[in-house]
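Asker: quick check, what structure comes out for this input:
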Amino acid sequence: MDTIAAGYAVEAFIHVASTGKLQSYGIATQAIADPYVLEDHRVAGQDDHILRVVAETIRDLEPFIDSLHDKGSSATSFIFSSPKRWAPVVRPGARTTDPATERKE
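Answerer: Sure thing, here's the model as predicted:
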């Protein structure tokens, strides 16, 4: 999806470290309900969720980020560009060569 063509000049990842299981479920519920959240990944590690969001302006993103404060701490990374936007899944074993070492003739 071309987010700019769809009218969203801002795209970001929001990393959220929740304060507990109930808050983590709250983040997931909020992400499912918000059309500006394109993806929600529940992950292991320092953060519990990584959200990919869009907005028309940075200011439009502020209320959503504020709404996460009662569920934990968040950090936002704005996307400048995406050199590799998306790729199809390749079946295991389907690739027989390493593209990094493949010679072009």
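
Asker: report the contact partners of the closest residue to residue 11 other than its chain neighbours.
Answerer: Using Cβ to Cβ, 6 or more residues apart in numbering and skipping the chain neighbours, the partner closest in space to residue 11 is residue 79 (4.5 Å). All C-beta spots, glycine's among them, are computed from the backbone N, C-alpha and C. Residue 79 makes contact with 11-13 under the criterion Cβ atoms under 8 Å, 6 or more residues apart in numbering.

Asker: for the lengthiest strand in the chain, which positions count as buried?
Answerer: If you go by DSSP state E, the chain has its longest strand at strand 10-18. The neighbour-count criterion (16 or more other Cβ atoms under 10 Å) identifies 10-12, 14-18 as the buried residues of strand 10-18.

Asker: contacts for it next, please.
Answerer: The contact list for strand 10-18, computed with Cβ under 8 Å, 6+ apart, reads 3, 24, 26-27, 46-58, 60-61, 65, 68, 71-79.

Asker: at 6 Å what do you get?
Answerer: Applying Cβ atoms under 6 Å, 6 or more residues apart in numbering, the external contacts of strand 10-18 come out as 3, 24, 27, 47-55, 58, 68, 71-79.

Asker: what is the burial count for residue 64?
Answerer: Counted by other Cβ atoms under 10 Å, the residues lying close to residue 64 total 19.

Asker: which of the buried residues of strand 10-18 lies closest to residue 83?
Answerer: Proximity of these to residue 83, judged by Cβ to Cβ, is greatest for residue 11, which lies at 14.1 Å.

Asker: tell me the bridge partners for that closest one.
Answerer: Beta-bridge pairing of residue 11 under DSSP bridges involves residue 54.

Asker: alright, I will stop here.
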